[in-house]
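Asks: Sequence first, then the predicted structure:
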Amino acid sequence: MDEPAQPTVVSFPIEVLDRIEHAVRRVQDCLDHGARLLHDYGIRYAVGGSNAASLWIATVDKSAVRQARDVELIVHAADTGRASDVVLAHGFTRMESAKAPSFGLIDSSSKRPILRLTTCEEFCEPSPKFNEIVRVQDYETLTLDALVRQMLVRHKLDDRVDLRDMMDVGLVDATWPSKFSPELAARLQHLLDTPDG
């Protein structure tokens with residue numbers, strides 16, 4: 001009789017933990033810096049995407065927060081140029097992107113964008129508006145309704161993961177599909193019906 005396979009043990013150098021900690025701190029620093037810049041220059045913004053999801057989830061269960069890979073700040077379309085100029089003048093560099101204006105940190109060797117500027121006009125229905133902002137943990141952030149709508153409109157993998165995380169902590173439940181248009185309601189209902197993906 002064959003011997004049972006032994007589990008593979010992989011050891012990582014301590015530097016790996018340092019890199020993980022650095023990556024977490026880098027995103028947090030970028031969020032702090034970017035949000036402060038826009039506020040100081042009088043550009044209205046809201047935290048969106050995964051960081052907004054994390055802020056909302058932390059109001060319920062901090063242990064359920066998933067680390068975001070980058071920062072999304074939402075501005076009016078008319079303010080995109082000015083917002084870009086502000087961040088470029090204060091520690092960021094422009095990076096190529098097919099969609100939203102994207103930026104990296106000048107002092108970073110990473111080729112991944114750390115900051116994206118998106119516009120409220122990309123996800124508001126039926127017409128653009130920018131009045132769904134609340135203060136969550138010291139940041140101007142999309143209201144929970146607006147955030148869920150943003151993620152349903154985009155419906156990318158990251159958005160679907162964030163929505164499932166919000167469902168797991170009870171922020172979004174079976175009463176929510178009725179808040180949205182039939183198309184968005186169907187997307188949300190599918191996520192509710194398939195909690196394990």
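Replies: Thanks, I have the structure now.

Asks: quick one, helices of the protein?
Replies: Taking DSSP state H to define them, one finds helices in the chain at 14-40, 49-58, 80-88, 144-154, 157-168, 182-193.

Asks: Residue 23 and residue 112, how far apart?
Replies: Using C-beta to C-beta, to the nearest Å, residue 23 is found at 10 Å from residue 112. C-betas here are computed from N, CA, C, even on glycine.

Asks: Neighbour count: these two, which is higher?
Replies: Between residue 23 and residue 112, counted using other C-beta atoms under 10 Å, the more crowded position is residue 23 (13 against 10).

Asks: Find the nearest non-adjacent residue to that one, please.
Replies: In this structure, residue 23 finds its nearest non-sequential neighbour in residue 67, 7.7 Å apart by C-beta to C-beta, 6 or more residues apart in numbering.

Asks: Which pLDDT value goes with that neighbour?
Replies: pLDDT recorded at residue 67 is 87.

Asks: before we move on, what about the one 10 residues further on?
Replies: The model reports residue 77 with a pLDDT of 87.

Asks: show me the residues around the closest residue in space to it that isn't next to it in sequence that make contact.
Replies: Take residue 77 and drop its neighbours on the chain: the residue closest to it by C-beta to C-beta, 6+ apart is residue 119, 4.3 Å away. Contact analysis of residue 119 by C-beta atoms under 8 Å, 6 or more residues apart in numbering lists 74, 75, 76, 77, 80.

Asks: looking at it, the third one is touching residue 44, isn't it?
Replies: To tie it back to what came earlier, the one meant is residue 76. Yes - proximity of residue 76 to residue 44 meets the contact threshold set by C-beta atoms under 8 Å, at 6.8 Å.

Asks: List the residues that contact the residue nearest to residue 23.
Replies: By C-beta under 8 Å, 6+ apart, residue 67 lies in contact with 23, 24, 27, 54.

Asks: pLDDT and distance to residue 163 for the residues you listed - can I get that in JSON lines?
Replies: Shown next, in JSON lines, are the contacts of residue 67 (pLDDT from 0 to 100; distance: C-beta to C-beta, whole Å):
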{"residue": "23", "pLDDT": "79", "distance to residue 163": "23"}
{"residue": "24", "pLDDT": "80", "distance to residue 163": "22"}
{"residue": "27", "pLDDT": "91", "distance to residue 163": "20"}
{"residue": "54", "pLDDT": "95", "distance to residue 163": "13"}
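
Asks: Can you flag the buried ones in the residues you listed?
Replies: For these, a neighbour count by 16 or more other C-beta atoms under 10 Å gives the buried set as 27, 54.

Asks: Which single one of the contacts of residue 67 is nearest to residue 94?
Replies: residue 27 (18.7 Å; C-beta to C-beta).

Asks: Please name the spatially closest residue to the closest one (chain neighbours excluded).
Replies: Leaving aside its chain neighbours, residue 27 sits nearest to residue 68 (5.6 Å; criterion: C-beta to C-beta, 6+ apart).
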